[in-house]
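Participant: predicted model, plus sequence, below.
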Amino acid sequence: MKKLTLLFMALLMFNLSFAKQKEKVDTTFTFANLNTQSESGLTPLKRTKILGKSRVEYFAFSGKKPDIAKEMNKSMEKFIQQFKSTKNKTYTVTSKVTANNGSFVSVAFNIVEKDSKAGILSKETDGITFNTKKW
């Protein structure tokens, strides 16, 4: 019985070692069919909003796609509301459009947060990206 079990184990190992291995699917990210020079049809318009003691520079959008621009402006307004000053904190926010093409529009924000109670000045970067093909 031991010899039979040993024989089956050897056959099993032999079979596993020579079995066809599953081919790996190539999941490498590529920019195939991405045209970064294509026009989005949206024009960024620089705006400044004072939220309490905070100053926020952001972009509003207009252009050939008014329904997309309306949704983007709504999202942008919601995004900048987080920078409203509080009793101890004020924000100075600047922004720039880092990408504007037929696929997406991306805006980067440089945020300076001043905490008057703790006496701390901190800087961070945040951003928001809109998929213009989605709509």
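Facilitator: Arrived safely, thanks for sending.
Participant: for this structure, which segments count as helices?
Facilitator: Using DSSP state H, the helices of the chain run over residues 2-18, 66-80.
Participant: make JSON lines from the ones you listed and add mean pLDDT and mean neighbour count to it.
Facilitator: (C-beta placed from N, C-alpha, C; glycine too.) Formatted as JSON lines, the helices of the chain follow (pLDDT from 0 to 100; neighbours: other C-beta atoms under 10 Å):
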{"stretch": "helix 2-18", "mean pLDDT": "71", "mean neighbour count": "9"}
{"stretch": "helix 66-80", "mean pLDDT": "91", "mean neighbour count": "16"}
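Participant: for the nearest residue to Ala69 once chain neighbours are set aside, give me the pLDDT.
Facilitator: Distances taken as C-beta to C-beta, 6 or more residues apart in numbering put Phe61 closest to Ala69, at 4.4 Å, once the chain neighbours are dropped. Phe61 is assigned a pLDDT of 90 by the prediction.
Participant: could the helices of the chain go into JSON lines alongside distance to Gly119?
Facilitator: As requested, the helices of the chain are exported to JSON lines (distance: least, C-beta to C-beta, whole Å):
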{"stretch": "helix 2-18", "distance to Gly119": "66"}
{"stretch": "helix 66-80", "distance to Gly119": "25"}
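Participant: out of those, nearest to Val56?
Facilitator: Closest to Val56 of the helices of the chain is helix 66-80 (C-beta to C-beta; 5.0 Å).
Participant: strands of the protein, start to end?
Facilitator: Secondary structure of the chain by DSSP state E: the strands cover 42-51, 54-63, 89-100, 104-115, 120-131.
Participant: which of the ones you listed is buried the deepest?
Facilitator: strand 54-63 (a mean of 19; mean count of other C-beta atoms under 10 Å).
Participant: C-alpha coordinates for that strand, CSV please?
Facilitator: Only the C-alpha atoms of strand 54-63 are listed here, as CSV (Å, rounded to 0.1, in the frame of the first residue of the first chain):
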residue,chain,number,x,y,z
SER,A,54,-10.1,82.7,3.9
ARG,A,55,-9.3,83.5,0.3
VAL,A,56,-9.9,80.8,-2.3
GLU,A,57,-8.9,81.1,-5.9
TYR,A,58,-10.6,78.5,-8.1
PHE,A,59,-12.0,78.0,-11.6
ALA,A,60,-15.5,78.1,-12.9
PHE,A,61,-16.1,76.5,-16.3
SER,A,62,-18.1,77.5,-19.4
GLY,A,63,-18.1,76.4,-23.0
